[in-house]
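Asker: Just a sequence and a predicted model for now, questions to come.
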Amino acid sequence: MFRTSPNSLLPPVNPNTALFPCSSTKTSVSRGDNTHIPTYHGSLNATKATHLHVRHNNLSPNNLLMSYRDNNGNLKVMTKSYFLSLCNDISSREGYPHFTGHSFCIGGMTLLLQDSVDPEYVKMYGRWKSSTFTRYWRDLHTCASVHIDRVYTCKHLHQRLSA
């Protein structure tokens, strides 16, 4: 579980990232792991969103990170089912189909691939042990063209620098 305590945060790789120790994760239930929230510029910056969340909900160092204050100011813990319920209420009002938590993994992975992040890093970040994660790739044509173009550009650049 994540706590909001600055003392529980590990030293960041750079000032815009955050590392959180977890007592358990999906892939390492008994031994835990560290979760890294990377810098992502623009409206999807999770580091900024996390800081805003902590400040807006007036969370103390002993509160769980997924705590929030209800309309009466009472501290509650956001569960996965409640979070998905809120997301699906909004998406259904906008005419989108029902989705599961797995959609966030798939969507995040696709976004990283579209933004030219190397698939091996996406695999490591998603904690996939094998390459079966490629079965979940969406928008393969865009992702493939981005990576093929990146490989060609790097190869062409190396050739020009070597000449």
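Answerer: Looks like it arrived, so ask away. Predicted model, so just to flag it, every value in this text is computed and none were measured.
Asker: Check which helices and strands the one helix or strand Glu120 maps to is in contact with.
Answerer: Using DSSP states H and E, Glu120 sits in helix 119-125. On a contact count with 3 or more C-beta pairs under 8 Å, 6 or more residues apart in numbering; DSSP states H and E, helix 119-125 meets helix 102-114. C-beta here means a position set from N, CA and C on the backbone, and glycine is covered the same way.
Asker: May I see the buried residues of the helix it packs on?
Answerer: Going by neighbour count (16 or more other C-beta atoms under 10 Å), the buried part of helix 102-114 is 103, 106, 108-113.
Asker: Turn those into a markdown table, including distance to Tyr82 and pLDDT.
Answerer: Listed next are those as a markdown table, based on distance: C-beta to C-beta, whole Å; pLDDT from 0 to 100:
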| residue | distance to Tyr82 | pLDDT |
| --- | --- | --- |
| Ser103 | 16 | 79 |
| Ile106 | 21 | 78 |
| Gly108 | 20 | 78 |
| Met109 | 24 | 80 |
| Thr110 | 25 | 79 |
| Leu111 | 24 | 78 |
| Leu112 | 27 | 79 |
| Leu113 | 30 | 79 |
